[in-house]
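>>> sequence first, predicted model second:
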Amino acid sequence: MNSIYRVENLKKSFSIKNERIDVLKGISFDIEEGKITFILGPSGAGKSTLLHILGTLDTPTDGKIFFKNVDLFSLNDREKSKFRNQKIGFIFQSHYLLNEFLAYENVMLPHLFLTSNFQQAKSRSFEILNSLSLKDRAYHKPNELSGGEQQRIAIARALINDPDLILADEPTGNLDSKNSENVMEIFRKINLEKNKTIIIITHNEELIGYGDRVIKLIDGQIYNL
Amino acid sequence: MNHFLYISLKHLFGARKTFFGYIVTAISIGGIFIGVAALIVVLSVMNGFQKDVKDRIVDVNSHIIVLKYFNEPIKEYREIMDSLKNFKDIVSMTPFIYSKGLIQFENFTNGVIIRGFSIDDSVTYSIMKRHLKFGRFPENENEILIGLDLAEELRAHTFDNVKIATPFGSTETFGSLIPKITEFTISGIFDAGMYQYNSELVYIPLSKASSIFGLSGKVTGIEIRIKDIYQASKVAKIIEKKLGYPYRTNNWIELNASLFTALALEKKIMFLLLLLVIIVAAFNIVTTLIMVVMEKTTQIGVLKTLGLSEKDILKVYIYQGLIINILGTLLGLIVGLFLCFLLSKYKFIDLPGGVYLLEKLPVNVQWLDIILVLILTNIVSLISTLYPAFKAAKMDPVKAIRYE
């Protein structure tokens, strides 16, 4: 087995009004490269916190995470930013497209941050939009698109830098069943065709049929593998 | 285009949550614009005032005067002029008499400063000719020139006869002094461009001045004009060294030092006061950027997930402050310079001459001042962007995303 992530004794606590809340209680697991892994659990189980930590958006209270044998939390802010830009594509429940930018501009942003080349970023953006059948939506503003289209634009943005990994937090949470199915098909396609590792957080057990593996997180602990 | 600048422009002028956001941005730009325009206009007017006053002082007066210690009349002025005639810095020399008297025309009288001048001196002739408003240059020793404001006070016109009373050379009768009264004809009325000169000065031919002041051919001193007026102190020192005791020199810089120091101080104070406008405008930038940061909390979080570092976000917000500043500064620069151009071309603001020395608002744009204004405005604006930019940079992306 070739692990992309190795998580060791990961703990995360928050203090709210002097009360300590342990969200992740020392979990350890590996994520296999090139697989679709679901992290399943009820609301408040610590799924999003885990995803934020895996994506270096948040820091653990204790424990270590290795991405391809690199200790992620030994990196400085610039290195972590570079890691997020090049190695990860984020997809959230809310699409988080930027309203000031047109659809293709939203998609090209990560590539622009990587290359500082507008022309290259634009043509790469159109390439990706085309592959997701969204070319005719390129010059639309996010609020002119349907929920499904918005989420597909967000997927295009996550894919533009050809990352090793997609981290998706309830990606179908705001979508109807047809659009949910579409999104999951896209995930399956990019997993199969491009061998991308995909980690999907969800509380919807109906989706796990699309995955290779399920990690169940309940009350901050891995309950069942 | 730099991608930080691209995001900054989108954040600042792209879709905003409320119309109020645009208003606040416009106010920020407007604040800098007004501050810069006001600074440019006021500093240029102060420069113009300084320059005009200086020009008029050195135009009507000479650049250096040679006097005796304690101002005793000089008899040997021709010899002194001869000894200085080979000085390459000197353009012209002319003897003069300087004293005070009383002028009377019909029922009107006024205290005046009397300047005896050589009517044969070509330099004095050309200067006075330039300032002559009515009449002509004196042709004999009974003709005089008076200033425009003095003529107005006396209600006197050209070729009116006036009387000048001087205390010198008068006869003592029963132990009291009787002033000597001499009658003159006003041959011309001049406008030197400065109220002080126009209301006080009377030009009398040298020989006549010598006789009414009882100087018997002596003069008060020698007026010297030099090539480079800013070298007056240096040249004066050389002349003083050459002539030796009992002669001394004065120059226009020394004689008007208090006036120019006051003008320079006034300019500095105006600069500092108007800099406050820029500082207030900088607070507007802080407000605008804090509003943008608050409005764009989620976007900042998203940008971090897409790969922007804290330093990058800091840059994005500093760029936004700089965009506001550059737009405000450019507008201020254009409008300020345009106002200066209008003021100098059309001279549409009149000044009460009695109060301000000059009768029109003068303008002199000095590029060094403009550069200083631009540099200071940019420094103040840059400082004002730091707090909101730092807040944005340090924003926790998880919180930013979670609170949407």
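Received the coordinates, thanks. Residues are numbered from 1 along each chain as shown, chains lettered A, B, ... in the order given.
>>> what is the burial count for residue 214?
You didn't say which chain, so I picked chain A. Burial of A:Val214 is recorded as 17 neighbouring residues (other C-beta atoms under 10 Å in any protein chain shown). No exception for glycine: its C-beta is placed from N, CA and C like everyone else's.
>>> other chain: chain B
B:Gly214 is surrounded by 14 other residues when neighbours are defined as other C-beta under 10 Å.
>>> how near is the nearest residue to B:Tyr197 once chain neighbours are set aside to chain A?
On the basis of C-beta to C-beta, 6 or more residues apart in numbering or on different chains, the spatially nearest residue to B:Tyr197 that is not a chain neighbour turns out to be B:Val60, at 5.5 Å. B:Val60 sits at a distance of 64 Å from chain A (criterion: C-beta to the nearest C-beta, to the nearest Å).
>>> contacts only, for B:Val60.
B:Val60 sits next to B:127, B:131, B:192, B:194, B:197, B:201 when contact means C-beta atoms under 8 Å, 6 or more residues apart in numbering or on different chains.
>>> could I get the residues you listed in CSV, plus columns for pLDDT?
Formatted as CSV, the contacts of B:Val60 follow (pLDDT from 0 to 100):
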residue, pLDDT
B:Ile127, 82
B:His131, 86
B:Ala192, 84
B:Met194, 80
B:Tyr197, 85
B:Leu201, 90
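>>> which of the residues you listed lies closest to B:Phe96?
Using C-beta to C-beta, the shortest approach to B:Phe96 within these belongs to B:Leu201, at 11.9 Å.
>>> the closest one is in contact with B:Ala192, isn't it?
Yes. Using C-beta atoms under 8 Å as the test, B:Leu201 is close enough to B:Ala192 to be in contact (7.4 Å).
>>> mutual contacts of the two, please.
Joint contacts of B:Leu201 and B:Ala192 (C-beta under 8 Å, 6+ apart) are B:60, B:147.
>>> contact partners of the worst-scoring helix or strand of chain A on mean pLDDT?
Using mean pLDDT, DSSP states H and E, strand A:221-224 stands out as the lowest-scoring helix or strand of chain A, at a mean of 78. The set of residues external to strand A:221-224 that reach it, using C-beta under 8 Å, 6+ apart, is A:25-29, A:41, A:215-217.
>>> that one pairs with which strands?
Under the criterion DSSP bridges, strand A:221-224 sits next to strand A:213-218 (antiparallel) in its sheet.
>>> list the buried residues in the strand it pairs with.
Of the residues in strand A:213-218, those buried under the neighbour-count criterion (16 or more other C-beta atoms under 10 Å in any protein chain shown) are A:214-217.
>>> what does stretch B:361-381 contact?
By C-beta under 8 Å, 6+ apart, the list of residues contacting stretch B:361-381 from outside reads B:32, B:35-36, B:39-41, B:43-45, B:47-52, B:275, B:278-279, B:282, B:285, B:321-322, B:324-325, B:328-329, B:332-333, B:337, B:340, B:343-344, B:347, B:349-351.
>>> go again using 7 Å as the cut-off
By C-beta atoms under 7 Å, 6 or more residues apart in numbering or on different chains, the surrounding residues in contact with stretch B:361-381 are B:32, B:36, B:39-40, B:43-45, B:47-49, B:51-52, B:275, B:278-279, B:282, B:285, B:321-322, B:325, B:329, B:337, B:340, B:343-344, B:349, B:351.
>>> same check on stretch B:204-211?
Outside stretch B:204-211, the residues that touch it by C-beta under 7 Å, 6+ apart are B:95, B:97, B:114, B:116-119, B:138, B:141-142, B:144, B:216-218.
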